[in-house]
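Peer 1: Got a predicted model here, sequence first, then my questions.
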Amino acid sequence: MSRKRRTLRPDEEELWKRVAETATPLRPDVPNPKVAFELANVRPKAKKVTVQPFSFGEKIIQKPARHDFASSIGEDLSKAPLQMDEKAFGKLKRGKLSPEARIDLHGMTIAQAHPVLTGFILNAHASRKRLVLVITGKGKSAIDDGPIPVRRGVLKHQVPHWLHSAPLRQVVLQVSEAHLKHGGSGAYYVYLKRHR
């Protein structure tokens, strides 16, 4: 059973007109609410879009890959300022100077090697030697290095640091990688300061 829709009484109609006159429309550009409803439900016509032929990545500017590799110990030492005579250093790099003493730290742990190296360098300086050879070995790689690369040769990397730290820095003038005939990158020439 449907209900009959009730119409407004004359006093209600009068009240509604007074309210409508004071109301501010939400969309003043649309006077009729029925028109507003129709405008809201009208779908805009789709614009025809033409797509130009292209290939993926054609506008990308390729930059060369940058790899920030840490320099080797030999490169770091070669960049160090020259403290000794340039002519003597040239002979040293060509392997023309013979070391007056040598020590082999190869196979030692850091705890063993540090005091042995310190004693050797200080004794060599006290006995007025100028050029000594410190053999560290190149280091061996582990069976499985894993996903993160690890530098080979713990002593090879540690010895230059010890030579440039106290108490050895007071007696060491120059540190350089040895010539191939004296061990190459697995050894260091240590040129000592003149004894006073």
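Peer 2: Received, thanks. Numbers count the residues shown, from 1 in each chain.
Peer 1: Report the backbone C-alpha coordinates of the longest helix belonging to the chain in PDB.
Peer 2: For the chain, the helix that runs over the most residues, judged by DSSP state H, is helix 110-126. Extracted C-alpha coordinates of helix 110-126, given in PDB (Å, rounded to 0.1, in the frame of the first residue of the first chain):
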ATOM      1  CA  ILE A 110      99.100  -8.200  15.200                       C
ATOM      2  CA  ALA A 111      99.800  -8.600  18.900                       C
ATOM      3  CA  GLN A 112     103.100 -10.300  18.200                       C
ATOM      4  CA  ALA A 113     104.200  -8.100  15.300                       C
ATOM      5  CA  HIS A 114     103.700  -4.700  16.800                       C
ATOM      6  CA  PRO A 115     106.300  -5.000  19.600                       C
ATOM      7  CA  VAL A 116     108.700  -6.900  17.400                       C
ATOM      8  CA  LEU A 117     108.600  -4.200  14.700                       C
ATOM      9  CA  THR A 118     108.900  -1.400  17.300                       C
ATOM     10  CA  GLY A 119     112.000  -3.000  18.800                       C
ATOM     11  CA  PHE A 120     113.600  -3.700  15.400                       C
ATOM     12  CA  ILE A 121     113.100  -0.100  14.100                       C
ATOM     13  CA  LEU A 122     114.400   1.500  17.300                       C
ATOM     14  CA  ASN A 123     117.400  -0.800  17.400                       C
ATOM     15  CA  ALA A 124     118.200  -0.200  13.800                       C
ATOM     16  CA  HIS A 125     118.100   3.600  14.300                       C
ATOM     17  CA  ALA A 126     120.200   3.300  17.500                       C
END
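Peer 1: And the strands in this protein, which stretches?
Peer 2: Using DSSP state E, the strands of the chain run over 101-104, 131-135, 172-177, 187-192.
Peer 1: could you give me the average pLDDT of the shortest one?
Peer 2: What it means is strand 101-104. Averaging pLDDT along strand 101-104 yields 92.
Peer 1: show me what contacts the closest residue to Leu180 other than its chain neighbours?
Peer 2: Among residues not flanking Leu180 along the chain, Gly95 sits closest, at 7.1 Å (Cβ to Cβ, 6 or more residues apart in numbering). In this view, the C-beta of every residue, glycine as well, is placed from N, C-alpha and C. Gly95 is in contact with Ala178, His179, Leu180, Lys181, His182, counting by Cβ atoms under 8 Å, 6 or more residues apart in numbering.
Peer 1: Confidence-wise, which helix or strand of the chain is lowest on average?
Peer 2: helix 33-41 (a mean of 60; mean pLDDT, DSSP states H and E).
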